[in-house]
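In: A structural model of the following input is requested.
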Amino acid sequence: MTRQLNQPEESSPMVDVAAAARRLSEALITRQLDGDIASATAAELVTIAARVEQEPARSKAENFGLRNRITSFMETGVWPDPPPDGSKLEFDVASVIGGNLNPASVGAEYFRDGNEVIGRVNVGRCFEGPPERVHGGIICALFDEVMGAVFRANGTASAFTGELAVRFEAPCPVGVDLEFRARQVGESGRKRFLEGEAKSPDGRFASATATFIEMRIDHFVDTAE
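Out: Coordinates of the predicted model:
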């Protein structure tokens, strides 16, 4: 059985550390350091990293254990009921897209809106592609995760991404509030078919379709004991 870990609060020391690291990353991307400051910063970070590396290790499986939905499924074989409409959805706490414990996270948040999921994010310059534009790979990853949250919002079995197709329709600016929407539009056996779109204050900039494959309980290998 997966070892239980406490669900992190919106504000906790672990969440605060990850947020501070994201702030530092943004500063390093957007500031020109002279040699002395760069060397001193590197030395401090090496010292901090060495101290943190002395703490107990935590696996990805244990991060899954932080998610009550996954824990419940692994223990009972039944997926939990959907959350209340309008509520914020807790996804993967270590995700590189929406994980509040991941210092490299893009910072996305997800909300249930009926049978759809809304993803909200303001993408910083760490994820800039062309000047002033969000990297296309980040847009793909955002679609992938907001679509993956649909099953949680609907209270149905989670699913792995089988295929994802993204159409880039306009530039996506960095540093502005973005909205991604996704929904399930069909199914066949274990296949789940989804679609979504994304917009900035300037209007729609991308759309996507995807096929996900329903998970089974034997897909989870317990490495957290």
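
In: distance of the residue nearest to V134 when sequence neighbours are not counted from E109?
Out: Of all residues not flanking V134 in the chain, C172 sits nearest, at 4.2 Å (C-beta to C-beta, 6 or more residues apart in numbering). In this view, the C-beta of every residue, glycine as well, is placed from N, C-alpha and C. Applying C-beta to C-beta, to the nearest Å, the value for C172 to E109 is 17 Å.

In: number of nearby residues for P56?
Out: Neighbours of P56 under the rule other C-beta atoms under 10 Å: 4.

In: quick one, helices of the chain?
Out: Applying DSSP state H to the chain gives helices spanning 13-30, 35-52, 60-65, 68-76, 136-154.

In: which of those helices is buried the deepest?
Out: Most buried of the helices of the chain by mean neighbour count (mean count of other C-beta atoms under 10 Å) is helix 136-154; its value is a mean of 22.

In: for that one, packing partners?
Out: strand 88-89, strand 109-113, strand 116-122, strand 159-168, strand 177-188, strand 191-200, strand 203-214 (3 or more C-beta pairs under 8 Å, 6 or more residues apart in numbering; DSSP states H and E).

In: rebuild the ones you listed as a markdown table, extending it with distance to A19.
Out: Output for the helices and strands packed on helix 136-154, formatted as a markdown table (distance: least, C-beta to C-beta, whole Å):
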| stretch | distance to A19 |
| --- | --- |
| strand 88-89 | 17 |
| strand 109-113 | 13 |
| strand 116-122 | 14 |
| strand 159-168 | 27 |
| strand 177-188 | 18 |
| strand 191-200 | 24 |
| strand 203-214 | 27 |
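
In: which of those sits closest to G77?
Out: Nearest to G77 among the helices and strands packed on helix 136-154 is strand 203-214 (13.4 Å), distances taken as C-beta to C-beta.

In: and that closest one, what does it pack against?
Out: Strand 203-214 makes packing contacts with helix 136-154, strand 159-168, strand 191-200 when contacts are defined by 3+ C-beta pairs under 8 Å, 6+ apart.

In: list the buried ones in it?
Out: F205, A206, S207, A208, T209, A210, T211, F212, E214 (16 or more other C-beta atoms under 10 Å).

In: A210 pairs with what?
Out: A210 has these beta-bridge partners by DSSP bridges: L164, L194.

In: pLDDT wise, what is it at?
Out: At A210, the model reports a pLDDT of 98.

In: cool, F111 as well?
Out: Looking at F111, its pLDDT is 97.

In: how about low-confidence regions in this structure?
Out: Across the chain, the ranges flagged by pLDDT under 70 are 1-11, 61-68, 217-225.
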